[in-house]
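> my questions are about this predicted structure, shown below with the sequence.
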Amino acid sequence: MTSVKLKISKLDWLYIIIIGAFFGFFISLFLYLINSNLKEFSTIIYGTASAVCVSLSAFIFITISNDFILPKLQEKFWYMISFIFSFLSGFLGFTSSYFLFSFSDFAIIDFIRPIWLYIAIIIGFFTVLIGVILHQFISMKYKNEAIKSEVLESKIKALENELNPHFLFNALNSISELIYQDQKKAEKATLDLSVFLRNAITKDTLITFDAEIKMVETYLEIENIRFENNIKMHLDIPSDDLNIMVPKFSIQLLVENAIKHGYLQKELNVYISSKDKTIEVCNDGLISKSIKFGTGLSNLATRLKLLKIGYLDKEIQNDRMAFIIRLKK
């Protein structure tokens, strides 16, 4: 249906009506200038009003066609219905404006009275032509938007895929070592990894904060094999914030970064909190004097930017290294 159906937004319709009004204004101005009998301000009023009526009629008929007619018909009838509705929008739009002003004393009404029907038919066919051009323009616009959306999604997926192999490599190494030490723990770690990967391969780019926290918990279960349960997570998240949408792997990545750069061969506490669309991940480990965004943090910062939902910030708070996701309110 997208090959015929005009997906016209409200803003597009506003532009169409404004352009139609200007078109009617200039046509009536032309008549005003070349015909001495029509040198009245009413000529311009009628011309502009008539064009607006045609535009509004097109809005009504195309909306009816798109929402109620085309969805119920076979594809072979779409062009015929579109042709008929486009013609009717022009014909009836002009006709309604003519009869609306027919009781006025406008000179232009007397001028077109003998030929108003012919003008209405011509405008009907003219509207069909405009409809064809409009269809091509709107189709091209939505194709371009679809291409941009696909490119954006591909970029985001590529960034997400950068994160998986690194963690998977470390996890498998940890599990392989654990097999010789404690088979039951190795089995549990394998199941945890399975759960993590099952969540990781979902197609959703944005997931709930709650779902992300569950992924972080599973991630820490696996990582604590290597760190002998020295990584402790502390949550301070209001229940209302659990439904906030965040990029997949966003919090997990910040926790991973805290472990990578903050762990000092002793217990590391990682604190995750949220307030007013701000998510903070901090730790009581090593504080870096020079903070630079490496691959992981740059990855997250880029995804936040591409998704247009916020940005990544950093700061030192009470001798704690903190990374903050500031979501748009």
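Arrived safely, thanks for sending.
> from memory Leu92 sits against Ile60, does it?
No - contact status for Leu92 versus Ile60: not in contact, 9.1 Å apart, counting by C-beta atoms under 8 Å. The way it works is simple: take the backbone N, C-alpha and C, and place the C-beta from them, glycine included.
> so those two - more neighbours on which side?
Higher neighbour count among Leu92 and Ile60: Leu92, with 20 against 15, using other C-beta atoms under 10 Å.
> how many residues are close by Ser176?
Burial of Ser176 is recorded as 10 neighbouring residues (other C-beta under 10 Å).
> and Phe196, by the same measure?
The local packing of Phe196 (other C-beta under 10 Å) involves 23 other residues.
> likewise Leu11?
The local packing of Leu11 (other C-beta under 10 Å) involves 8 other residues.
> Arg303 too?
Here the count is done by other C-beta under 10 Å, and Arg303 has 23 residues near it.
> where does this structure dip in pLDDT?
For the chain, the stretches with pLDDT under 70 are 1-8, 135, 138-139, 141-167.
> tell me the secondary structure for Leu312?
Reduced to three states with DSSP: H, G, I helix; E, B strand; the rest coil, the structure at Leu312 is strand.
> make that Ile291, sorry
Going by three-state DSSP: Ile291 is coil.
> right, and it touches Lys314 too?
Yes - using C-beta under 8 Å, Ile291 and Lys314 qualify as a contacting pair, with a distance of 5.5 Å.
> in the stretch 201-329 of the chain, which spans are strands?
Under the criterion DSSP state E, counting those that start in this stretch, strands of the stretch 201-329 of the chain are mapped to 206-208, 231-236, 245-247, 268-275, 278-283, 310-317, 320-327.
> now do the buried residues in the fourth one.
Buried residues in strand 268-275, defined by neighbour count with 16 or more other C-beta atoms under 10 Å: Leu268, Asn269, Val270, Tyr271, Ile272, Ser273, Ser274.
> same question for the first one.
For strand 206-208, a neighbour-count test (16+ other C-beta under 10 Å) marks Leu206, Ile207 as buried.
> now the second one
By neighbour count, and taking 16+ other C-beta under 10 Å as the criterion, the buried residues in strand 231-236 are Ile231, Met233.
> now do it: everything it contacts.
The set of residues that contact strand 231-236 without belonging to it, under C-beta atoms under 8 Å, 6 or more residues apart in numbering, is 213, 216-217, 220, 223-224, 255, 259, 263, 267-274.
> show me the domain layout of this structure.
The record, using automatic domain parsing to delimit domains, assigns the chain the ranges 10-148, 182-327.
> need those domains in a markdown table with distance to Leu168, can you?
As requested, those are exported to a markdown table (distance: least, C-beta to C-beta, whole Å):
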| stretch | distance to Leu168 |
| --- | --- |
| domain 10-148 | 31 |
| domain 182-327 | 8 |
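> which of those domains sits closest to Asn170?
domain 182-327 (7.3 Å; C-beta to C-beta).
> now do the same end-to-end measure for the closest one.
42 Å (C-alpha to C-alpha, to the nearest Å).
> what separates it from the chain centre, distance-wise?
Centre-to-centre, domain 182-327 and its host chain are 26 Å apart (C-alpha atoms, centre = their mean, to the nearest Å).
> tell me who's in contact with Tyr98.
For Tyr98, the residues meeting the contact criterion (C-beta under 8 Å, 6+ apart) are Ser50, Ile109, Ile112, Trp116, Ala120.
> contacts only, for Asn199.
By C-beta under 8 Å, 6+ apart, the residues touching Asn199 are Ala211, Lys214, Met215, Thr218.
> oops, could you answer that again for Lys214 instead?
With contact taken as C-beta under 8 Å, 6+ apart, Lys214 is in contact with Asn199.
> returning to that earlier point: let me know the closest of the buried residues of strand 268-275 to Gly285.
When these are compared against Gly285 (criterion: C-beta to C-beta), the nearest one is Leu268, at 4.8 Å.
> now Ile81: closest residue in space, sequence neighbours ignored.
Here the nearest residue to Ile81 in space, its sequence neighbours aside, is Ile69; by C-beta to C-beta, 6 or more residues apart in numbering that works out to 5.7 Å.
> my read: that neighbour touches Ile84, true?
No - between Ile69 and Ile84 no contact is recorded; they are 9.7 Å apart, counting by C-beta under 8 Å.
> against Thr218, how distant is the residue nearest to Ile81?
Counting by C-beta to C-beta, to the nearest Å, the separation of Ile69 from Thr218 is 51 Å.
> again, but for Leu286
From Leu286 across to Thr218, the span is 25 Å (C-beta to C-beta).
> neighbour-wise, which of the two wins?
Thr218 (21 against 13).
> what touches both of Ile291 and Lys314?
Shared contacts of Ile291 and Lys314 (C-beta under 8 Å, 6+ apart): Met321.
> does Leu11 belong to a helix, a strand or coil?
On the basis of three-state DSSP, Leu11 is classed as helix.
> give me the neighbour count for Thr48.
Counted with other C-beta under 10 Å, the burial measure for Thr48 works out to 20 neighbours.
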